[in-house]
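[1] fold the stuff below for me.
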Amino acid sequence: MPAGEMPPNTIPLSQMMQQLSSQPGFTEAFLAEINGGKRKAGPAYLTPELVNKLREMILGKDWQGLNRFPGWTMARINPTVRVVGHFAGKDEKVDTLATAGGAPASPEESSKALATYLDVGPLGFEKSGTIIDFRQTSGFPGFTTDGLVSSLGDGVTRGDGPSPLAPEHPQSEQLADALNRLSANGLAGVAHANAFWNDERTPSTPQELIDDIQQTGHTLTVTDSRYFANFGHLHFNGQDVMMPFWVDSQLVVPGPPGTPERPLLVPVSHAEYEWHIRGPRLNADVSFYFGIDGKAEFRTMDQLDQAWVMKRDAHTYTGADAVEVTRLAGAMVQTYARLHQKHPKIPFGGYYAFGVCQDVVAAIELKMTGKTTLFPNTADAAFFTDPKDAEINDLIRRIPKDRDGKPPSPERIFGSLPVGSSDAELATVTIPGLAPDLIAVHDAWQNGTVEHVGERRRNRNILYILGAVLTLAILWMIHRHRSKQE
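    Next up is the predicted model:
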């Protein structure tokens with residue numbers, strides 16, 4: 001496939017909707033599925049304003065706009081609803097994409113919320129107390145698309161089939177389950193879990209399990225991986241449907257003098273940590289991220305990605321660093337479990353208010369590298385106050401926030417992409433029209449001429465004002481000189 005061309009067997013969303021929007025009931029069924037589906041990555045739940053925007057584009061046959069939906073800044077996407085401060089444990093109001101959560105959760109509500117979050121029984125958390133024994137064959141079933149793939153009719157399905165990693169699903173599921181159960185150790189009311197890797201040690205934390213695996217003839221790498229988020233996971237008559245979610249970066253796409261100012265629109269990226277293990281006893285691949293289901297947890301990763309989402313490993317960790325990333329991910333599991341326990345009624349499962357997939361990865365990246373290169377981050381630090389989670393709270397507070405309209409740095413825009421930043425790498429992006437814009441803005445950034453939207457106009461206005469002031473000053477001096485001569 002030539003660089004930059006749309007992948008084969010792939011169509012843009014507009015092409016599907018042009019054919020189907022006239023079918024009775026299809027548009028509303030499509031909107032309902034997009035707004036309620038639970039899929040990997042991306043901004044899953046739409047606010048009423050976003051739903052209306054999508055509906056307007058479809059009914060108005062704005063096909064060009066549909067392929068850049070919604071094209072808003074994060075400042076417009078995030079604070080569309082305000083939540084009263086007592087929901088976040090504060091007196092003042094804070095911007096979130098939540099609505100008022102009502103009175104604080106009762107002990108019964110908190111217990112039920114934690115049980116639901118951990119996907120365990122509500123009485124005694126019996127599954128959390130199980131022993132995960134890697135000395136025995138995994139008892140988890142093989143990969144299935146049940147519950148993952150659904151039909152919208154008219155040749156449209158949502159959800160993806162198996163990837164080449166699917167045959168190892170039982171072992172991957174066993175590992176993800178073990179890492180989540182061990183991460184939950186220490187949560188109040190949760191029975192203690194243990195894992196058996198060999199006869200000598202019984203790991204009780206996720207990092208101890210990963211350390212044991214590394215010391216027994218297995219190769220293990222942890223990658224900080226970035227993709228374009230697949231907002232739809234749609235297929236039409238067997239073709240992949242390209243459906244990113246576009247955000248206004250507030251960076252200006254350079255153009256010839258006199259051309260209208262145009263912002264760089266970028267598809268939201270998805271970020272996750274991935275554990276890749278190969279060895280005599282365990283071959284497994286699992287990921288960790290905060291998802292649209294409101295959970296920060298370890299997950300299997302054996303569904304097939306559509307080709308246009310691409311992939312880049314921004315960082316790779318082995319040895320002690322892999323253990324440390326695992327420890328931080330496990331701490332995130334506890335933090336987000338306590339957030340749900342405290343705020344069981346929060347809309348969208350806390351998505352946006354507690355962050356998006358980038359926030360948890362950005363926080364861990366900050367700890368591991370000293371900086372973060374991801375955009376956007378939406379976590380409201382007002383929620384991250386529990387003293388038990390001091391380390392994670394501090395990291396969440398320190399990562400850049402994209403809630404108040406402040407333009408993100410070019411480093412974060414390009415750092416989030418699933419390709420490298422050279423012109424040759426940017427040219428491989430297969431979303432139509434995106435590669436030339438990325439190259440132009442990146443080149444401007446590198447040569448120091450990159451501008452933010454409105455900056456050119458502001459600078460021009462400043463020059464006009466300075467010019468007017470200078471003109472008045474010259475006229476005043478001429479007048480004074482003539483007055484003296486008279």
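
[2] measure residue 201 to residue 70 for me?
    Taking Cβ to Cβ, to the nearest Å as the measure, residue 201 falls 51 Å from residue 70. No exception for glycine: its C-beta is placed from N, CA and C like everyone else's.

[3] neighbour count winner among the two?
    For residue 201 and residue 70, the more surrounded residue by other Cβ atoms under 10 Å is residue 70, and the numbers stand at 21 against 14.

[4] verify the stated contact: that one with residue 246.
    Yes: the criterion here is Cβ atoms under 8 Å, and residue 70 meets it with residue 246 at 6.6 Å.

[5] return the residues in contact with residue 262.
    Applying Cβ atoms under 8 Å, 6 or more residues apart in numbering to residue 262 gives the contacts 252-253, 255.

[6] again, only this time at 6 Å
    residue 253 (Cβ atoms under 6 Å, 6 or more residues apart in numbering).

[7] and the gap between it and residue 440?
    For residue 262 relative to residue 440 (Cβ to Cβ), the value is 10 Å.

[8] shared neighbours, these two?
    Joint contacts of residue 262 and residue 440 (Cβ under 6 Å, 6+ apart) are residue 253.

[9] and the residue lying closest to residue 192 once chain neighbours are set aside, helix, strand or coil?
    In space, and not counting its chain neighbours, residue 192 is closest to residue 185: 5.6 Å by Cβ to Cβ, 6 or more residues apart in numbering. For residue 185, the secondary structure call by DSSP: H, G, I helix; E, B strand; the rest coil comes out as coil.

[10] and the next helix or strand past the helix or strand harbouring residue 35?
    Using DSSP states H and E, residue 35 sits in helix 26-36. Per DSSP H and E, the first helix or strand lying C-terminal to helix 26-36 is helix 48-59.

[11] just the CA atoms of that next one, as CSV, please.
    Backbone C-alpha positions of helix 48-59 (Å, rounded to 0.1, in the frame of the first residue of the first chain) are rendered in CSV as follows:
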residue,chain,number,x,y,z
PRO,A,48,-26.5,15.8,24.1
GLU,A,49,-24.8,18.7,22.3
LEU,A,50,-22.5,16.2,20.5
VAL,A,51,-25.4,13.9,19.6
ASN,A,52,-27.3,16.8,18.2
LYS,A,53,-24.2,17.9,16.2
LEU,A,54,-23.8,14.4,14.7
ARG,A,55,-27.5,14.2,13.9
GLU,A,56,-27.4,17.7,12.2
MET,A,57,-24.4,16.7,10.0
ILE,A,58,-26.1,13.4,8.9
LEU,A,59,-29.6,14.9,8.3
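
[12] tell me the angle that helix makes with helix 26-36.
    150 degrees (axes from the mean of the first three to the mean of the last three Cα atoms, to 10 degrees).

[13] which strands or helices does helix 48-59 pack on?
    If you count contacts as 3 or more Cβ pairs under 6 Å, 6 or more residues apart in numbering; DSSP states H and E, helix 48-59 packs onto no helix or strand.

[14] now what about that helix, what contacts it?
    Taking Cβ under 6 Å, 6+ apart as the rule, helix 48-59 contacts 17, 21, 27, 65-66, 70, 80.

[15] and stretch 16-24, by the same measure?
    26-27, 58, 154, 236, 241.

[16] now the residues you listed in a markdown table, with pLDDT?
    Formatted as a markdown table, the contacts of stretch 16-24 follow (pLDDT from 0 to 100):
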| residue | pLDDT |
| --- | --- |
| 26 | 94 |
| 27 | 93 |
| 58 | 96 |
| 154 | 94 |
| 236 | 97 |
| 241 | 98 |
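
[17] quick one: which of the residues you listed is nearest residue 189?
    Within the contacts of stretch 16-24, proximity to residue 189 (Cβ to Cβ) peaks at residue 241, which comes in at 43.6 Å.

[18] and the closest one, what is it in contact with?
    13, 16, 232, 234.

[19] and the helix holding residue 35, how far out from the chain's middle?
    Helix 26-36 sits 22 Å away from the centroid of its parent chain (Cα atoms, centre = their mean, to the nearest Å).

[20] got the contact list for that helix?
    20-21, 46, 58, 152, 154, 158.

[21] ok, now with 7 Å
    Contact partners of helix 26-36, identified using Cβ atoms under 7 Å, 6 or more residues apart in numbering, comprise 20-21, 45-46, 51, 54-55, 58, 152, 154, 158, 232.
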